[in-house]
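Engineer: Below are the sequence and a predicted model; questions follow.
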Amino acid sequence: MLVLKSFLEDYRDEEILNIEYLELGDKESEYIDLLNKFFNREVEDRDVILDDLDKDNGFLYKLMCEWYENEFVRENDLGLVWYEYSLEDFFRDSFRIDGGLYKLFEVDDINRKLYKK
């Protein structure tokens with residue numbers, strides 16, 4: 001399984017690792033501060049569960065919505081800027097068993113949480 005804190009740290013670390021490609025110039029340190037403030041938060045000491053992806057009440061879904069709606073993230077086009085890429089796609093790409101980064105959940109189970117199907 002994947003510990004919730006580890007997911008947050010992994011996301012933060014990946015963003016910091018790729019910061020040079022964002023071409024933020026003098027805003028780079030502000031972005032690193034925002035990443036640390038946002039993803040170093042205290043969370044329950046538990047594994048990521050499928051309910052964390054629930055579109056209505058999931059912790060990770062709400063957290064990532066908050067992140068992508070952040071003023072700095074939006075003003076600097078640091079969110080989901082790929083063509084037709086969505087938060088739902090991000091979760092499927094991260095957590096699916098058949099090829100996701102963490103290989104935790106079946107795609108159908110993820111879709112049920114995201115789309116209530």
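Structural biologist: Sure, I can see it. Numbers count the residues shown, from 1 in each chain.
Engineer: so where's the longest helix in this protein?
Structural biologist: When the chain is parsed with DSSP state H, its longest helix is helix 4-17.
Engineer: most distant residue from the middle of the protein?
Structural biologist: What lies farthest from the middle of the chain is D26; by C-alpha atoms, centre = their mean that is 24.5 Å.
Engineer: Which pLDDT value belongs to that residue?
Structural biologist: Per-residue pLDDT puts D26 at 96.
Engineer: ditto for the one 5 residues further on
Structural biologist: The predicted local distance difference test score for Y31 is 96.
Engineer: Also V81?
Structural biologist: Value for V81, per-residue pLDDT: 65.
Engineer: ditto for E15
Structural biologist: For E15, the predicted pLDDT is 92.
Engineer: what's near enough to touch it?
Structural biologist: By C-beta atoms under 8 Å, 6 or more residues apart in numbering, the residues touching E15 are L35. Just so you know, the C-beta spots here come from the backbone N, C-alpha and C atoms, and that holds for glycine as well.
Engineer: any idea how far it is from D54?
Structural biologist: From E15 over to D54 the distance is 24 Å, taken as C-beta to C-beta, to the nearest Å.
Engineer: swap in K103?
Structural biologist: 20 Å.
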